[in-house]
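Undergrad: Compute the structure for the input listed below.
(2 chains)
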Protein chains: 2
Amino acid sequence: MMIPFNTPYFTGKETDYIKDAVVRKRISGNGYYTQKCQTFFEENYNFLKCLLTTSCTDALEMAAILIDIQPGDEVIVPSYTFVSSANAFVLRGAKIVFADSRKDHPGIDEDKLEGLITSKTKAIVPVHYAGVACDMDKIMALADKYNLFVIEDAAQAIDSFYTGKDGVKRALGSIGHLSAFSFHETKNIIAGEGGMLVVNDPQFVKRAEIIWEKGTNRSAFFKGEVDKYGWVDVGSSFLPSEIIAAFLWAQLENLVEIQYKRLEIWRTYSLELTDWALTQGIQLPILPDYATNNAHMFYIRCKSAEQRDQLIQFLKGRNIQAVFHYLSLHKSPYHKELSNGVELVQSDFLSETLVRLPFYLNMDLNKVIAELKQFN
Amino acid sequence: MMIPFNTPYFTGKETDYIKDAVVRKRISGNGYYTQKCQTFFEENYNFLKCLLTTSCTDALEMAAILIDIQPGDEVIVPSYTFVSSANAFVLRGAKIVFADSRKDHPGIDEDKLEGLITSKTKAIVPVHYAGVACDMDKIMALADKYNLFVIEDAAQAIDSFYTGKDGVKRALGSIGHLSAFSFHETKNIIAGEGGMLVVNDPQFVKRAEIIWEKGTNRSAFFKGEVDKYGWVDVGSSFLPSEIIAAFLWAQLENLVEIQYKRLEIWRTYSLELTDWALTQGIQLPILPDYATNNAHMFYIRCKSAEQRDQLIQFLKGRNIQAVFHYLSLHKSPYHKELSNGVELVQSDFLSETLVRLPFYLNMDLNKVIAELKQFN
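TA: The predicted model follows:
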């Protein structure tokens, strides 16, 4: 029996709520369960306005439309991230300026951002890798100084927090002007495919609802603010089916329990692997003081590409699926030439050395740890 | 008890298949049920390649990317249609040239298209209103003559056919270079929100899969054609969750039965309302020789806006929800000024006079017909 990298967790209530959505005679978007999920997030994480989307990618695309990206605008994005962090802005004509990761963890190197800002820079997209906060004080200060928008790519960052210099603990996704979350099956809270846009800057709330509803003022119509609705802006069908929202609601009801169990897995990995990692020259994840741990994933950093490949093969031979992660986007076939030979050492090193261990509820954690300890 | 305009139909198997998707440990996109649905459509309707999407809007956006719309390109779209038929191309920078509807039915007036074609025209988007075919021979001939792409907006047109001059009966969606379907809860076959891109022109198959998978060659990777996958193109997360595909599969299994029952409703409306409509100066839908009827909706055309509003109010007073449909897009707040004062008489007339009657399985059809006959 293979231990896979991920197995989607099912609370058992998902299909009950889907049936209930059917009974309510409304399974298109923006219905009962969509509202329930959105309100949950707004109330629990101090997000100003939440809109469920069909994916985190789509939430990022909404953000790109909202900040009115024009051809030639520059957007700063880490190279070590999922393709959508960049593509969402490329679709609007942006030029992507790739930033390197920190030396101590895969987040964007906040201290190298200022050197990448030009008169054309419109936004910075910090990605909270593994749900671990970027140093948002530094990033928001740069945004203030240069009049930029900050769009948090919080795909992996649900239920994770950042404590700034002011001592206030803020949920990731509540700090940037806009933020995007994912409910892909590999995330802590899932809906198969799914996402959410968070609007924290009040100037974007009204237009976000319009863009979400295919560029119509349908939301205003349902609130009785206009007597008929029509085409008023660009937009797309960003809102997911109530089937997705109902599924997600079952997960949200179990958020505390899911997070508790995930943290147990994470802590066990960390505790059990510390000595082994030290002897192998492998680095375990670090958590900056200002960040909390949402136990999204457990990654380790090998000392070389060779060791990484050997480790993945070794585990595969023992029926355990461990996987690498991103390839540097600045060296991708799509962007290589546009990148003009820029070198991003940390990103490349992470592409070659990072491994993600199996991570899901009810997994056989002891077996994975025992087998890992055999590797040397 | 209100008789609503629409009630989503549930076969009862949807949640069983969703549970099965969970048991298969795969609820993100492009899994078992996605493949099953896509194969079903390809085999039953002679579509070259099908890709499920999160909405018909998204399928149209994929089409706009595939035909490589550039700022300034012109796309001909009927004014009497859903906003996404236009917005999907606006998002890529296209200028929309709106066409009028036919006098005898709401489809695009094929005979007026040639006058709208310029050197910048890149595509025509015929919308098969109410699932009734546009005259595709005429449209494809124009596309050939002027080297244009035809993108069928087949949102309402599942299981509907067109018989061309060659006597061959072809499924709507199989004729244009690309086509888009909807599985919105108001359609014949539903998934709450959902859609599908159909690729009929072989030149687009490979790139369609890439764009669908966020601009990566992940599909090729899973087929073993490349040894790792990366960022190779623009793209988005167009693929829906397996939860949506599993729901859709339950519907597809019942397609024949659903269509049979919908046709019964349509025929009953038509038969029972013929005399009444005649005395009221109301027109019932007509079906051109070359078109089949997929019983997507039953619309009637009042003789005036006044009569239409009275009829809707009359039915509302009897707890029956009948609804108007599109407002001319060329006169929308978003496009009014761009439309430069162009007048599209049929589209405006339809905006003012068309009413859609309640239409769903197991509805109280006799009551609606009896009440309608009281209106005069």
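
Undergrad: Name the residues of the stretch 151-300 of chain A found near chain B, please.
TA: Contacts of the stretch 151-300 of chain A with chain B, taken as Cβ under 8 Å from any Cβ of the partner chain, map to A:184-186, A:190-194, A:214-216, A:228, A:230-237, A:239-244, A:247. Any C-beta I mention is one placed from the backbone N, CA and C, and that applies to glycine too.

Undergrad: which ones among these are found in strands?
TA: Among those, none falls in strands (DSSP state E).

Undergrad: So which residues of the stretch 51-200 of chain A form helices?
TA: For the stretch 51-200 of chain A, the helices defined by DSSP state H, counting those that start in this stretch occupy A:56-66, A:84-90, A:136-146.

Undergrad: Output the contacting helices and strands for the second one.
TA: The criterion is 3 or more Cβ pairs under 8 Å, 6 or more residues apart in numbering or on different chains; DSSP states H and E, and the helices and strands that helix A:84-90 contacts are helix A:56-66, strand A:74-78, strand A:95-99.

Undergrad: List the contacts of the longest one.
TA: Helix A:56-66 is touched from outside by A:51, A:53, A:84-85, A:87-89, A:91-92, A:94, A:125, A:151, A:153, A:155, A:178-184, A:195-197, A:199, A:204, A:207-208, A:211-212, A:234-236, A:238, B:54, B:214, B:236-237, with contacts defined as Cβ atoms under 8 Å, 6 or more residues apart in numbering or on different chains.

Undergrad: and that helix with helix B:56-66, angle?
TA: Counting by axes from the mean of the first three to the mean of the last three Cα atoms, to 10 degrees, helix A:56-66 lies at 70 degrees to helix B:56-66.

Undergrad: any idea how far helix A:56-66 is from the chain center?
TA: Mean C-alpha position of helix A:56-66 versus that of the full chain (Cα atoms, centre = their mean, to the nearest Å) differs by 13 Å.

Undergrad: ok, now the second one?
TA: Taking Cα atoms, centre = their mean, one finds the center of strand A:74-78 at 16 Å from the center of the full chain.

Undergrad: same check, this time on stretch A:76-89
TA: 11 Å.

Undergrad: so what's residue A:176 up against?
TA: If you count contacts by Cβ under 8 Å, 6+ apart, residue A:176 has them with A:126, A:136, A:140, A:149-152, A:200.

Undergrad: Just the closest of those to chain B, please.
TA: residue A:151 (16.2 Å; Cβ to the nearest Cβ).

Undergrad: gap between the closest one and residue A:85?
TA: To residue A:85, residue A:151 is 9 Å away according to Cβ to Cβ, to the nearest Å.

Undergrad: And those two? Which one has more around it.
TA: residue A:151 (30 against 26; other Cβ atoms under 10 Å in any protein chain shown).

Undergrad: hang on, that one packs against residue A:127?
TA: No. The pair residue A:151 / residue A:127 is not scored as a contact, 9.9 Å apart, by Cβ atoms under 8 Å.

Undergrad: what about stretch A:292-309, start to end distance?
TA: 30 Å (Cα to Cα, to the nearest Å).

Undergrad: Check stretch A:189-197 too.
TA: Where stretch A:189-197 begins and where it ends lie 15 Å apart, using Cα to Cα.

Undergrad: Now do stretch A:248-257: everything it contacts.
TA: Outside of stretch A:248-257, the residues within contact range by Cβ under 8 Å, 6+ apart are A:9, A:11-14, A:16-17, A:33, A:36-37, A:40, A:52, A:159, A:183, A:189-191, A:194, A:258.

Undergrad: Local confidence estimate at residue A:224?
TA: Each residue has a pLDDT score; the one for residue A:224 is 84.

Undergrad: residues near it, how many?
TA: With other Cβ under 10 Å as criterion, residue A:224 counts 7.

Undergrad: need the contact list for it.
TA: With Cβ under 8 Å, 6+ apart as the criterion, no residue contacts residue A:224.

Undergrad: Can you flag the buried ones in the residues of the stretch 151-300 of chain A next to chain B?
TA: Listed as buried from those are A:184-186, A:190-194, A:214-216, A:230-237, A:239-244, A:247; burial here means 16 or more other Cβ atoms under 10 Å in any protein chain shown.

Undergrad: doesn't residue A:111 make contact with residue A:138?
TA: Yes. Applying Cβ under 8 Å as the test, residue A:138 and residue A:111 come out as touching, 7.4 Å apart.

Undergrad: quick one: which of the two has more around it?
TA: Between residue A:138 and residue A:111, counting by other Cβ under 10 Å, residue A:138 is the more crowded of the two (16 against 10).

Undergrad: Tell me the confidence at the residue nearest to the more buried one when sequence neighbours are not counted?
TA: Of all residues beyond its chain neighbours, the one nearest residue A:138 is residue A:110 (4.2 Å), with distances taken as Cβ to Cβ, 6 or more residues apart in numbering or on different chains. The per-residue pLDDT reported for residue A:110 equals 98.

Undergrad: Let's have the helices of the stretch 51-200 of chain A in TSV, adding mean pLDDT.
TA: Below are those laid out as TSV (pLDDT from 0 to 100):
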stretch	mean pLDDT
helix A:56-66	98
helix A:84-90	98
helix A:136-146	98
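
Undergrad: would TSV of those helices with distance to residue B:71 be doable?
TA: Formatted as TSV, these follow (distance: least, Cβ to Cβ, whole Å):
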stretch	distance to residue B:71
helix A:56-66	16
helix A:84-90	15
helix A:136-146	28
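
Undergrad: and of these, who's closest to residue A:46?
TA: When the helices of the stretch 51-200 of chain A are compared by Cβ to Cβ, helix A:136-146 sits nearest residue A:46, at 13.9 Å.
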